[in-house]
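Novice: just need the structure, nothing else, for what follows:
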Amino acid sequence: MKPGRKWWLWSVAGLVVVGVGVGLLVAKNGRGDGSKKKNGKEGPTAAPVEVAEVRRGEITTYLETTTTLEARNSATLVASRTGQVRALMAEEGRAVKKGAVLAQLDDTEARLAVERAEVALKSAERESERGRQLSGQGFMSGKDIDDLELKRRNAKVTLDEARYNLSQTRLTAPFSGQVTARMINLGETVTSGRECFRLEDFDPLLARLYFPEREVARLKVGQAARLTLDALPGREFEARVALVNPVVDRANGTVKVTLEVRDPSRVLRPGNFAKVQLRTGSFNDAVFKFTPEGKFITRIGGQGDAAGQFRALQALAVDNQSRVYVGDVKGIQVFDAEGRYLGLIDVDGSPSGIVINDRNEIFVAARSQVLKYVLTPQP
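Specialist: Predicted structure coming up:
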């Protein structure tokens, strides 16, 4: 220990900003061996004060709201032509792949139309080929050849149209998903435009959230979220932000955020009511101040190498003016009651423990010894 050495905690200017009423403080390194004062009298021993409101750890901040889950894709399939339902290949609750046939309508007329168009196209192709041969021999004019080519092309278009009409006798899934409703029956004759099936894609589910515009700075794509449901107590489901709408709704001043909710267990359903916690920040290796009842007040400092930040935090203490003393490899950093950085006490070694008594005496454990510092007002 080095008696008589002084550590200035902060400047007069800093004192005015933070409004500390006791004036400029000086930390004096005293002997921690029980030596007497100058007047020769032994001072009373002060008991250390343990403050439970300041804690070291990690804290995560959230935005909380409620929502109703939605399917990523949802479609109502309708009949494109009139016909009798000849076969049903899907039922409510069945998972289907994109392109799977859900129902087959009577296709007799459509198949015959395809056969007629195929015959007509073959005939037109033969006539066009014969015409080119005769043209090479000088027996057909260029106009006649053009007419035959036009006939062949018209026959090709007619065949394509017939094949398309045949494909419309099959109701197919436009995307992979689950059938949530079947509205037709086997043998029933449906007309064009009749609703037949409802198909929804549950992977992933979506959740639409709406937050006040003041929260825009805390919202970004990729943020993690957590969902809970009253219908499934004790279970949590992970989600992530897939979209943050770039505009603010002028009607209500909110921003829409879309979550993707992955559910490998397949227990969630569109329409489920859920409570959402959207993670907006996480502070590691920081100091947090709480009320005696455990209510969060403020964060003090943070991880880093700049002034007011710390590495390898090792010790904490609070004096009778609610100033917070944080010991790390740099020494003891001091913060006011609001969490503002005030200054640094240089310590010989990394402090592993700090105790402050009601006489503003600081006892610091460092390098297998106890150093005593006394805080006194600057005259």
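Novice: what about the strands in the stretch 1-150 of the chain?
Specialist: Counting by DSSP state E, counting those that start in this stretch, the stretch 1-150 of the chain has strands at residues 6-8, 25-30, 54-78, 83-88, 95-96, 101-105.
Novice: what does the shortest one contact?
Specialist: This means strand 95-96. Residues from elsewhere that reach strand 95-96, judged by Cβ atoms under 8 Å, 6 or more residues apart in numbering: 90, 102, 173, 176-179, 199. For glycine as for every other residue, the C-beta is placed from the backbone atoms N, C-alpha and C.
Novice: okay, these in JSON lines with neighbour count, secondary structure and distance to Arg226 next?
Specialist: What follows is these, written out as JSON lines (neighbours: other Cβ atoms under 10 Å; DSSP: H, G, I helix; E, B strand; the rest coil; distance: Cβ to Cβ, whole Å):
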{"residue": "Ala90", "neighbour count": "19", "secondary structure": "coil", "distance to Arg226": "35"}
{"residue": "Leu102", "neighbour count": "22", "secondary structure": "strand", "distance to Arg226": "36"}
{"residue": "Ala173", "neighbour count": "22", "secondary structure": "coil", "distance to Arg226": "32"}
{"residue": "Ser176", "neighbour count": "16", "secondary structure": "coil", "distance to Arg226": "27"}
{"residue": "Gly177", "neighbour count": "23", "secondary structure": "strand", "distance to Arg226": "25"}
{"residue": "Gln178", "neighbour count": "21", "secondary structure": "strand", "distance to Arg226": "25"}
{"residue": "Val179", "neighbour count": "20", "secondary structure": "strand", "distance to Arg226": "30"}
{"residue": "Leu199", "neighbour count": "23", "secondary structure": "strand", "distance to Arg226": "29"}
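Novice: report the contact partners of Ala207.
Specialist: 67-70, 225, 227, 239, 258-259, 261, 274, 276.
Novice: of those, closest to Asp249?
Specialist: Closest approach to Asp249 among those (Cβ to Cβ): Thr258, at 14.0 Å.
Novice: so that closest one touches Arg240, yeah?
Specialist: No - the pair Thr258 and Arg240 does not pass the contact test of Cβ atoms under 8 Å, sitting 10.1 Å apart.
Novice: so what's the residue positioned nearest the centre of the chain up against?
Specialist: Among the residues of the chain, the one closest to the centroid is Gln223, at 2.4 Å (Cα atoms, centre = their mean). Contacts for Gln223 were tallied using Cβ under 8 Å, 6+ apart; they are 240-241, 278-280.
Novice: model confidence score at it, please.
Specialist: According to the prediction, Gln223 has pLDDT 93.
Novice: okay, now Phe335: neighbour count?
Specialist: By other Cβ atoms under 10 Å, the residues close to Phe335 number 24.
Novice: now it: closest residue in space, sequence neighbours ignored.
Specialist: The spatial neighbour of Phe335 that comes closest, neighbours along the chain excluded (Cβ to Cβ, 6 or more residues apart in numbering), is Val324 at 4.5 Å.
Novice: got a list of what that neighbour touches?
Specialist: By Cβ under 8 Å, 6+ apart, the residues touching Val324 are 54, 287, 289, 300, 316-318, 334-337, 339.
Novice: closest to Phe310 out of the residues you listed?
Specialist: Out of the contacts of Val324, the member with the shortest distance to Phe310 (by Cβ to Cβ) is Val287, at 8.3 Å.
Novice: check the gap between that closest one and Leu371 for me.
Specialist: For Val287, the distance to Leu371 equals 21 Å [Cβ to Cβ, to the nearest Å].
Novice: swap in Arg262?
Specialist: Separation of Arg262 from Leu371 (Cβ to Cβ): 54 Å.
Novice: thinking again about what came up before, show me which of the contacts of Val324 is closest to Asp346.
Specialist: Val334 (11.8 Å).
Novice: one step back: okay, Arg262 and Leu371: which has more neighbours?
Specialist: Under the neighbour definition other Cβ under 10 Å, Arg262 and Leu371 were set side by side, and Leu371 has more, 21 against 13.
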